[in-house]
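# coords please:
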Amino acid sequence: MVETNYQKVNRLLHRLGGVYRDPSRVINDATSLLNSVPGQHLNPDISDLLHNDGTNMRGLRLSGTISMIYRSNTYHIPIDLFLPPNYSVRPPIIFVRPVSSMMIKQGHRHVAADGMVYMPYLHSWRSGTHNLIDTVTSMSRIFGEDPPVYARSNAAPVPAPAPTPIVVPTPPPPRYHDVRPSQEEQERLRQLERDAQEA
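Numbers count the residues shown, from 1 in each chain. Below is the predicted model of the structure:
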């Protein structure tokens with residue numbers, strides 16, 4: 001018997017325990033996206049989100065590709081869509097995850113050098129009116145106007161990325177969180193930066 005998207009997401013949330021404040025909303029939104037055309041190439045799993053302050057949050061990730069149309073051609077952009085523990089009060093955290101044949105376009109208006117997606121739909125997020133299907137639809141439209149990645153060579157940018165932990169190398173913009181790290185967290189951040197420079 002094939003496991004439905006609802007069953008997959010429910011099973012993963014059960015494994016996560018009480019991570020989410022509103023597990024019903026997480027299950028409904030994630031399942032709706034996975035069952036929709038915009039989310040048909042995404043797969044749910046559990047992943048870690050590492051913040052610069054050293055905190056590690058485990059949560060649901062939807063990874064795979066989303067379609068965009070650019071110059072009358074359809075392209076598939078690899079993404080990781082992470083639902084933070086306070087979803088749906090806070091928006092999803094999304095990264096473009098280029099495969100080895102791709103590079104992130106420098107200076108892209110909506111995608112930072114680390115792949116983190118910033119777009120008006122996320123900045124204006126409201127729990128009662130916003131959802132994951134509209135998030136992905138908005139992202140596909142924006143990417144179709146200005147693709148966030150380009151090919152390093154003539155290879156087609158179609159393959160889905162290998163699962164990797166989500167790492168947030170820069171803090172989210174103030175509109176997402178107004179959290180000020182403690183002295184101890186600032187020191188851990190400095191140590192992580194030093195370790196990254198040494199690597």
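# got the contact list for Gly39?
By CB atoms under 8 Å, 6 or more residues apart in numbering, the contact set of Gly39 is Leu33, Leu62, Ile66, Leu132, Ile133, Val136. For the C-beta atoms, the positions are set from N, CA and C on the backbone; glycine is no exception.
# now swap in Gln40 and tell me
Counting by CB under 8 Å, 6+ apart, Gln40 touches Leu34.
# so it sits in a helix?
No. Read with DSSP: H, G, I helix; E, B strand; the rest coil, Gln40 is coil and lies in no helix.
# packing partners of the biggest strand by length in the chain?
Using DSSP state E, we find that the single longest strand of the chain is strand 56-70. The contact analysis (3 or more CB pairs under 8 Å, 6 or more residues apart in numbering; DSSP states H and E) places strand 56-70 against helix 5-16, helix 23-34, strand 42-50, strand 73-83, helix 132-145.
# can you list contacts of the third one?
Applying CB under 8 Å, 6+ apart, the contact partners of strand 42-50 are 5, 8-9, 12, 15-16, 30, 33-34, 56-66, 79-82, 84, 93, 163, 165-168.
# cool, the first one as well?
Among residues not part of helix 5-16, those counted as contacts by CB under 8 Å, 6+ apart are 3, 19-20, 23, 26-27, 30-31, 34-35, 44-46, 58-60.
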